[in-house]
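S.K.: Generate a structure from the sequence data that follows.
(one chain, ligands or ions: 3)
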Amino acid sequence: MKILKFGGTSMGDANTWQRVLNIIDRYQAPFIVVSATARTTRELLSAANKAIESLSEAQTKAKSIQQRHQKIISKFTDDYPKKGDQCQNICGQWIDEQIRELKQALINIQEAKELTPKTKDAILSIGEQLSSYLFVQCGSLFGIPMQWVDAADIIRTDSDFGQANPDTDYLKQKAPELQELVHSNRIPVMGGFYGHDANNTTTTLGFEGSDYTASLIGATLNAEVIEIWTDVSGIYTCDPRVIDDAKPISHLSFQEATELAYFGAKVLHPSTTKPASQKQIPISVKNIFAPNEPGTCISHEIQETEGVKAMTFKKDCVVITVTSSNTVMGYEFLANVFDILRWHHLPVDAVTTTEASVSIAIENGNRIDDAIEQLQSYGSVELDSSQGIISLVGCATKKAQLLVNDILLYLKDTPVNMISFSQPKGNLNIVVPKEYVIPSIKEIHQQLF
Ligand code: ADP
Ligand code: ASP
Ligand code: MG
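M.R.: Ligands and ions are numbered 1, 2, ... in the order given. The predicted model follows:
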């Protein structure tokens with residue numbers, strides 16, 4: 001059996017819902033995971049953030065989410081004069097219920113003058129609760145009997161709100177229940193991205209988390225393949241929205257896809273490959289607007305190339321440089337610095353060291369203030385928030401030296417701040433001022449691909 005995951009753009013409007021249903025119709029007993037409709041998660045976040053300052057602005061955003069969903073349903077049901085009204089009623093009630101909950105949560109934020117990570121997760125999960133339930137009603141109207149599965153009953157996580165970690169043992173216990181759903185005469189449809197912790201409180205797996213949900217379900221059900229359906233024909237040599245002549249890559253290893261996702265390629269959540277690779281289940285990335293194109297297959301197989309497989313970037317990073325006060329040995333200094341980063345859950349993107357100092361690049365947006373304060377006890381700390389990272393993945397190991405030389409030559413007019421290169425992994429990370437990121441990747445892409 002196959003897992004099919006449809007992202008935000010696939011869930012964007014009544015036309016894409018029809019398109020997605022036509023795709024689902026080609027499969028025998030799949031399990032479906034869906035994201036929130038396009039823009040909804042962002043709008044929910046923005047409503048939650050606004051609620052303290054201006055409840056009325058936050059409520060306006062809630063209203064716009066409500067109207068967007070009502071519009072999708074009314075447009076979809078228009079094509080079904082016989083049973084459309086009934087579907088519209090059921091969907092209307094569900095939308096009203098979810099929006100009522102959202103508005104109450106916004107009032108609570110305003111009263112408490114605080115948006116906790118726990119409340120934020122409860123609010124963000126509403127996007128997937130809306131899309132998955134409504135899609136089931138419309139799917140059944142289209143002629144594919146579907147069964148709504150509440151992710152709260154299936155995905156158990158820890159309580160690390162905003163980036164919760166799934167409990168795979170709990171999921172294993174759920175396998176028979178999931179198998180039964182797959183073999184029933186209704187196609188199971190579940191919202192991705194959210195789950196519940198042991199106290200039955202809503203958690204989320206981090207942005208783009210529906211990909212991760214799909215992979216977790218795929219591994220639990222020993223699926224034949226996990227198909228991630230999106231708006232581009234696979235993983236490209238670089239973000240096709242930035243590089244016009246980027247090309248789809250036919251095959252990537254799990255490791256290469258993970259590196260690309262971790263270093264900024266939005267097309268996959270960085271943890272997606274973990275459950276799939278443990279069970280050796282291939283992931284296929286495909287385009288709902290060109291369903292017959294092959295897309296990208298991600299598997300254990302490593303295919304050597306002549307040059308570089310793909311490149312990605314992060315436009316907004318901070319470089320923290322800590323210079324040791326020389327009261328401890330070098331190895332102790334480094335251990336202390338990394339202990340602090342671990343303690344604050346700060347993901348490191350690139351590192352360079354000298355005898356007495358270490359420079360660390362971290363994506364902006366991570367909360368670093370407390371970590372900086374602690375780092376100051378080990379030496380002087382300098383911050384530079386004007387940086388970005390360019391990452392090249394799958395560099396051919398045989399030609400690594402030449403490749404690095406060439407790339408530095410292409411960037412001869414760019415003030416490069418840090419370089420980290422791993423020959424065994426074929427990865428090259430280059431930290432440059434943020435205004436140089438896009439011109440630099442355009443230049444490198446043009447030269448290499
Ligand atoms: P979905 O809503 O289906 O989850 P996303 O917007 O999360 O879709 O991911 C698809 C988008 O990822 C593409 O439209 C593209 O702009 C972006 N993207 C970034 N890097 C890449 C890449 N290397 N290959 C393909 N798409 C990429
Ligand atoms: N809706 C969530 C997001 O926008 C999760 C997802 O789409 O994968 O990040
Ligand atoms: Mg996505």
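
S.K.: If we ignore the residues flanking it in sequence, what's nearest the residue most central in space within the chain?
M.R.: Residue closest to the average C-alpha location in the chain (CA atoms, centre = their mean): residue 208, at 2.5 Å. Excluding its sequence neighbours, the residue lying closest to residue 208 (CB to CB, 6 or more residues apart in numbering) is residue 269, at 3.9 Å. (Each C-beta comes from the backbone N, C-alpha and C, glycine too.)

S.K.: mind checking pLDDT for that neighbour?
M.R.: Looking at residue 269, its pLDDT is 94.

S.K.: Number of residues surrounding it?
M.R.: Neighbour count of residue 269, defined by other CB atoms under 10 Å: 24.

S.K.: ditto for the one 5 residues further on
M.R.: The tally of other residues near residue 274 (other CB under 10 Å) stands at 17.

S.K.: ok, the spatially closest residue to it that is not a sequence neighbour to residue 312 distance?
M.R.: Spatial nearest neighbour of residue 274, chain neighbours left out: residue 215 (7.1 Å); criterion: CB to CB, 6+ apart. Distance of residue 215 to residue 312, given as CB to CB, to the nearest Å: 20 Å.

S.K.: about what we covered before: mind checking how far the residue nearest to residue 208 is from residue 446?
M.R.: Residue 269 sits 29 Å away from residue 446, going by CB to CB.

S.K.: Over to residue 437?
M.R.: Counting by CB to CB, the gap from residue 437 to residue 446 is 15 Å.

S.K.: The closest residue to ligand 2 within the stretch 101-250 of the chain sits in which helix or strand?
M.R.: Nearest to ligand 2 in the stretch 101-250 of the chain, going by CB to the nearest ligand atom, is residue 210, at a distance of 3.2 Å. Using DSSP states H and E, residue 210 sits in helix 209-220.

S.K.: So for that helix, mean pLDDT?
M.R.: For helix 209-220, mean pLDDT rounds to 98.

S.K.: CA atoms only: put it into PDB for me.
M.R.: Provided in PDB are the C-alpha atoms of helix 209-220 (Å, rounded to 0.1, in the frame of the first residue of the first chain):
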ATOM      1  CA  GLY A 209       5.500  18.700   9.600                       C
ATOM      2  CA  SER A 210       2.900  17.000   7.500                       C
ATOM      3  CA  ASP A 211       5.700  15.400   5.400                       C
ATOM      4  CA  TYR A 212       7.000  13.900   8.700                       C
ATOM      5  CA  THR A 213       3.600  12.600   9.600                       C
ATOM      6  CA  ALA A 214       3.300  10.900   6.300                       C
ATOM      7  CA  SER A 215       6.700   9.200   6.700                       C
ATOM      8  CA  LEU A 216       5.800   8.100  10.300                       C
ATOM      9  CA  ILE A 217       2.500   6.500   9.000                       C
ATOM     10  CA  GLY A 218       4.400   5.000   6.100                       C
ATOM     11  CA  ALA A 219       6.900   3.300   8.400                       C
ATOM     12  CA  THR A 220       4.200   2.100  10.700                       C
END
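
S.K.: That one near ligand 3 at all?
M.R.: No: judged by CB under 5 Å from the ion, helix 209-220 makes no contact with ligand 3; its nearest approach is 5.9 Å.

S.K.: Determine whether any part of whatever helix or strand comes next after that helix lies close to ligand 2.
M.R.: Using DSSP H and E, the helix or strand that follows helix 209-220 in sequence is strand 225-230. No: using CB under 6 Å from any ligand atom, strand 225-230 stays clear of ligand 2, coming no nearer than 9.8 Å.

S.K.: Parallel or antiparallel, list what pairs with strand 225-230.
M.R.: strand 2-6 (parallel), strand 283-287 (parallel) (DSSP bridges).

S.K.: and among the ones you listed, the most buried is which?
M.R.: With neighbours taken as mean count of other CB atoms under 10 Å, the strands paired with strand 225-230 reach their highest mean count in strand 2-6, at a mean of 26.

S.K.: picking up where we left off before, and residue 437 and residue 446? Which one has more around it.
M.R.: More neighbours surround residue 437 than the other of residue 437 and residue 446, with 24 against 11 (other CB under 10 Å).

S.K.: my read: that one touches residue 388, true?
M.R.: Yes: Residue 437 lies in contact with residue 388 (CB atoms under 8 Å); the separation is 3.8 Å.

S.K.: Please identify every residue contacting each of those two.
M.R.: Common contacts of residue 437 and residue 388 (CB atoms under 8 Å, 6 or more residues apart in numbering): 313, 314, 315.

S.K.: and those as TSV, adding pLDDT and distance to ligand 2?
M.R.: Shown next, in TSV, are those (pLDDT from 0 to 100; distance: CB to the nearest ligand atom, whole Å):
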residue	pLDDT	distance to ligand 2
313	96	19
314	95	17
315	94	18
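
S.K.: Can you name the residues of the stretch 151-300 of the chain sitting close to ligand 1?
M.R.: Applying CB under 6 Å from any ligand atom, one finds that the stretch 151-300 of the chain approaches ligand 1 through 208, 230-232, 235-236, 238-241, 265-267.

S.K.: ok, back up a step: need the contact list for the residue nearest to residue 274.
M.R.: Contacts for residue 215 (CB under 8 Å, 6+ apart) come out as 3, 226, 271, 272, 273, 274, 275, 276, 281, 283.

S.K.: Distance-wise, check it relative to residue 437.
M.R.: Counting by CB to CB, the gap between residue 215 and residue 437 amounts to 29 Å.
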